[in-house]
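> What would the 3D arrangement of this be:
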Amino acid sequence: MARVLLDVTMSLDGFIAGPDVSVEHPMGVGGLRLHQWIFDASANEVDAEIVRGAQAGTGAVVLGRRTFDVGIDVWNDTPFPVPCFVLTHDPLAERVEKSGTFTFVTDVRDAFTRATAAAGDRDVRLMGAAVGQQFLAAGLVDEVRVQLAPVLLGAGRRLFADLGDAPIELERIATVDSPHVTHLRYLVRRPASGTR
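Next comes the predicted model:
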């Protein structure tokens, strides 16, 4: 069964995008700095291996409408060459690209069901803070992966806002250092009686 991964790069002060996210600044003002490790991955085998693993392991993507709106012109395709599901209150007609299709869905559980079916035995990758927050709050995330970038953005979009009042327990399963980021992996602990 597919695992659902919340896999993001985050600043040391907790932001996954800078302020004023827009088509002109898809990662917000100054936010592109967060992904420098990806652009420089060819110069570092640790980061290169993480990037290759993400590309090979991804079977489907769930992203938010804002991520879609600001990313579509940057990607000129789907963000990964797999089926993509856009979680939104304002759906569009299905959009076929070179490497995959964007299907618009309005419910978290529906996005989960469709994405896990499409991914098969590969991973479902979540993109965007709002999608990550909704999946975490619904108990649908198996693993949180954070690439911790050595930068303080000071403002922008926080990943771990709006999660509700109940604590979410994590178990650290890996820490890998590179010259550009620290790669952190956590399993999401589920209550003894709970499953997805």
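
> And the helices in this protein, which stretches?
Taking DSSP state H as the criterion, the chain contains helices spanning 36-39, 45-57, 65-75, 108-119, 129-137.

> Report the buried residues of the helix or strand bottoming out on mean pLDDT in the chain.
Among the helices and strands of the chain, helix 36-39 carries the lowest confidence by mean pLDDT, DSSP states H and E, at a mean of 87. For helix 36-39, a neighbour-count test (16 or more other CB atoms under 10 Å) marks 37-38 as buried. Just so you know, the C-beta spots here come from the backbone N, C-alpha and C atoms, and that holds for glycine as well.

> on that earlier part again, from the helices of the chain, which stretch is densest packed?
Sort the helices of the chain by mean neighbour count, taking mean count of other CB atoms under 10 Å, and helix 129-137 sits at the top with a mean of 22.

> So what touches it?
4, 6, 8, 16-17, 62-64, 66-67, 87, 108, 111-112, 126, 141, 144, 157-164, 168, 188 (CB atoms under 8 Å, 6 or more residues apart in numbering).

> Adding distance to Pro81, write the helices of the chain out as TSV.
Shown next, in TSV, are those (distance: least, CB to CB, whole Å):
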stretch	distance to Pro81
helix 36-39	16
helix 45-57	8
helix 65-75	10
helix 108-119	12
helix 129-137	19
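
> Where among those helices is average confidence lowest?
Comparing mean pLDDT across the helices of the chain, the weakest is helix 36-39, with a mean of 87.

> Can you list the neighbours in contact with it?
9, 44, 47, 51, 147, 149, 178, 180-181.

> now swap in stretch 7-18 and tell me
Taking CB under 8 Å, 6+ apart as the rule, stretch 7-18 contacts 25, 27-35, 37-38, 54, 125-126, 129, 132, 144-160, 181.

> Likewise for stretch 146-153?
Under CB under 8 Å, 6+ apart, the answer for stretch 146-153 is 7-13, 15, 18, 30-31, 33-34, 36-37, 50, 159, 180-184, 186.

> need the contact list for His25.
18, 31-32.

> Name the member of those residues with the most neighbours.
Tallying neighbours with other CB atoms under 10 Å puts Gly31 at the head of the contacts of His25, with 23 neighbours.

> Could I get the pLDDT score of that one?
Looking at Gly31, its pLDDT stands at 89.

> Also Gly194?
With respect to pLDDT, Gly194 scores 55.

> Could you check how far the nearest residue to Thr106 once chain neighbours are set aside is from Thr67?
Of all residues beyond its chain neighbours, the one nearest Thr106 is Pro91 (5.9 Å), with distances taken as CB to CB, 6 or more residues apart in numbering. Counting by CB to CB, to the nearest Å, the separation of Pro91 from Thr67 is 15 Å.

> for Ala130, same thing?
Separation of Ala130 from Thr67 (CB to CB): 8 Å.

> Pick out the residue closest to the middle of the chain.
Met127 (3.1 Å; CA atoms, centre = their mean).
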